[in-house]
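Enquirer: what's the 3D shape of this:
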Amino acid sequence: MRILRADLAKRRLGGNILSGGHCDIVDIMFQRIDHVAVHVRDLDRSVAFYETHFGFQKYFQHAGTGGMQIAYLRLGDTVLELTHRSDGSMAGFHFCLETDDFEKAVAQLQQRGVEMIKAPHDTAAREPREKGWRRVVFRGPDGEQIELRG
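Expert: Numbers count the residues shown, from 1 in each chain. Purely as a prediction, here's the structure:
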C-alpha cells in the first residue's frame with residue numbers, strides 16, 4: 001500500500017497540499033490496528049464486564065511471561081487485549097499494528113532509528129490465520145510501546 005504524507009509544517013500553516021505543498025510517497029506495510037491492550041486488576045471481573053456491558057466475546061486466553069495472564073476479547077473485527085499480573089503491577093500499555101511484511105517492517109524501523117525494546121519472537125496464534133506469526137515491540141517518542149505482529 002502506498003500513501004501520501006503531507007509536509008506537517010505546511011499543513012500547520014494552513015497550506016493546501018493539493019496546490020504545491022510538499023508531499024512524500026511513503027511505502028507503508030501496515031494493515032490495521034491489531035489490538036489495544038489494557039492492564040486490569042482482576043482479569044475474570046474485567047472479561048465479564050466487557051462481555052456484559054459492551055458485547056465483547058472472549059475468544060482466546062493464555063499465560064504470558066512473568067506470571068501474566070492475557071485474555072483477548074473481540075467486538076466485530078476489533079480486539080481488546082486484557083492483561084493481568086499476579087503481583088499486581090500494571091505497566092506496558094500499548095497498541096499493536098498488523099503488518100503484511102514483518103521482516104521488512106522491523107528492518108525499516110531499525111534503519112530509521114526507532115528503538116526496539118523487545119526483539120522479534122514467535123507469538124501464540126489467537127486464530128488460524130496467525131499461525132507462524134511473530135511479534136516485536138518498539139518504543140514511541142513518549143515511551144509508549146508499539147507492538148508489530150505479522
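
Enquirer: so how far does stretch 112-121 reach from one end to the other?
Expert: Distance between the boundary residues of stretch 112-121 (Cα to Cα, to the nearest Å) amounts to 21 Å.

Enquirer: now Val136: closest residue in space that isn't a chain neighbour?
Expert: Beyond its immediate neighbours in the sequence, the residue positioned closest to Val136 (Cβ to Cβ, 6 or more residues apart in numbering) is Pro120, lying 4.4 Å away. (Each C-beta comes from the backbone N, C-alpha and C, glycine too.)

Enquirer: now do the same for the one you found: its pLDDT.
Expert: In this model, Pro120 is scored at 98, pLDDT.

Enquirer: dump the residue contacts of the residue nearest to the spatial centre of the chain.
Expert: Nearest to the centroid of the C-alpha atoms of the chain, with distances taken as Cα atoms, centre = their mean, sits Cys96, at 0.6 Å. For Cys96, the contact set (Cβ atoms under 8 Å, 6 or more residues apart in numbering) comprises Ile33, Asp34, His35, Val36, Ala37, Glu81, Arg135, Ile146, Glu147, Leu148, Arg149.

Enquirer: hang on, the second one packs against Ile146?
Expert: I take that to be Asp34. No. Contact status for Asp34 versus Ile146: not in contact, 11.1 Å apart, counting by Cβ atoms under 8 Å.

Enquirer: what sits in contact with each of these two?
Expert: In terms of Cβ under 8 Å, 6+ apart, Asp34 and Ile146 are both contacted by the residues Cys96, Leu97.

Enquirer: neighbour count winner among those two?
Expert: When neighbours are counted by other Cβ atoms under 10 Å, Asp34 comes out ahead of the other of Asp34 and Ile146, with 22 against 16.

Enquirer: what sits against that one?
Expert: Val79, Cys96, Leu97, Glu98, Glu147, Arg149.

Enquirer: distance from the helix or strand containing it to the middle of the chain?
Expert: In the assignment (DSSP states H and E), Asp34 maps to strand 30-39. For strand 30-39, the separation from the chain centroid amounts to 4 Å (computed by Cα atoms, centre = their mean, to the nearest Å).
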